[in-house]
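[1] any chance you could fold what I've pasted below:
(one chain, ligands or ions: 1)
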Amino acid sequence: MKVTVRETSDVSTAASELGRMHCSCLPSSLVSRLGLSYAETVYRYCTKSKLEVVFAASLQDTVVGGAWLSLEPSSLSRRLLLRTTLVPALLAHPRLALEWIGQRYRDAQSRESNRTATGYPEVIAIFVDAGHRGRGVGAQLLLEIEGFLRKRHVAHYVLRTHDSPENRAVAFYEREGFEEFGRHQKHGTWHCDLIKAVGPRNGEQAPSAGQGS
Ligand SMILES: CC(C)(COP(=O)(O)OP(=O)(O)OC[C@H]1O[C@@H](n2cnc3c(N)ncnc32)[C@H](O)[C@@H]1OP(=O)(O)O)[C@@H](O)C(=O)NCCC(=O)NCCS
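    Prediction:
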């Protein structure tokens, strides 16, 4: 299976494909619960924003997976609020609006008490179409993300995932070299915080201390 992974700024086609796939692969995420049209708006914003990077994995011309990397996750909620249709989407889902407000409050508390790692790029979402899982596409997406970060001399990146024995993604991240550095509650469930060093490519020197975050 020859899968190509590329960073995408092809707004019209990739955004709707990735928004749809985000909703089917990650149904419990807030973006998915706010609806397909909101998810498409989010990916449209991400493909245009300089602070977000979207990767699409394609098999021939079909998108089979994707990843969303935020270079400035600390301002992501504010930017989604100002630059996407988040306000009308939240107004249409009052229960999710309350959840979103509660989460912003908990995020602020975590930052104040330094219980969260800030300043690292964060993989906000990674997903592979159910029919194409277990064949290395997820690993390829991470490789592409790391290549992107390495070029920018970034030393580490993070991601958060459900902390539950049923979550098969935890084994995937462990195998890919992520290490746990904390836990937090998000949208009512526990998540573990994972970090990984962006190693040098084979034969290259590691970035010197102080470079990147
Ligand atoms: C996690 C995910 C992105 C990995 O992509 P992938 O292409 O299947 O990954 P790879 O083929 O490179 O690696 C396979 C590993 O992924 C994990 N995996 C396989 N199927 C999975 C599934 N349905 N859900 C979660 N992880 C899965 C397993 O650890 C698997 O290793 P194994 O084959 O030894 O059991 C993909 O399985 C997926 O989209 N899962 C559903 C959405 C999700 O959980 N995303 C992460 C949320 S934080």
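
[2] only C-alpha atoms from now on, for both contacts and neighbour counts.
    Noted.

[3] now do the SS call for the residue positioned nearest the centre of the chain.
    Central residue of the chain (CA atoms, centre = their mean): residue 124, 1.8 Å from the mean position. With DSSP: H, G, I helix; E, B strand; the rest coil as the basis, residue 124 sits in strand.

[4] from here on, call the first residue 353.
    That works, and once the first residue is 353, the last one we named lands at residue 476.

[5] for it, what are its contacts?
    Residue 476 makes contacts with 419, 420, 421, 422, 511, 512, as judged by CA atoms under 8 Å, 6 or more residues apart in numbering.

[6] name the SS class of the fifth one, please.
    Assigned with three-state DSSP, residue 511 falls in the strand class.

[7] tell me what the longest helix anywhere in the chain is packed against?
    The longest helix of the chain (DSSP state H) is helix 446-464. Packed against helix 446-464 by the contact rule (3 or more CA pairs under 8 Å, 6 or more residues apart in numbering; DSSP states H and E) you find helix 438-444.

[8] which outside residues touch the helix it packs on?
    By CA under 8 Å, 6+ apart, helix 438-444 touches 386, 390, 432, 433, 448, 449.

[9] among those residues, which pair sits farthest apart?
    The span of the contacts of helix 438-444, defined through CA to CA, is set by 432 and 448 at 15.0 Å.

[10] now name the helix or strand holding residue 498.
    helix 489-503 (DSSP states H and E).

[11] what helices and strands are in contact with that helix?
    Counting by 3+ CA pairs under 8 Å, 6+ apart, helix 489-503 packs on strand 355-359, strand 404-411, strand 414-422, strand 474-480.

[12] for the ligand, find the nearest of the ones you listed.
    Ranking these by proximity to the ligand (CA to the nearest ligand atom) places strand 474-480 first, at 3.3 Å.

[13] what angle sits between that closest one and strand 414-422?
    Orientation check (axes from the mean of the first three to the mean of the last three CA atoms, to 10 degrees): strand 474-480 against strand 414-422 gives 170 degrees.
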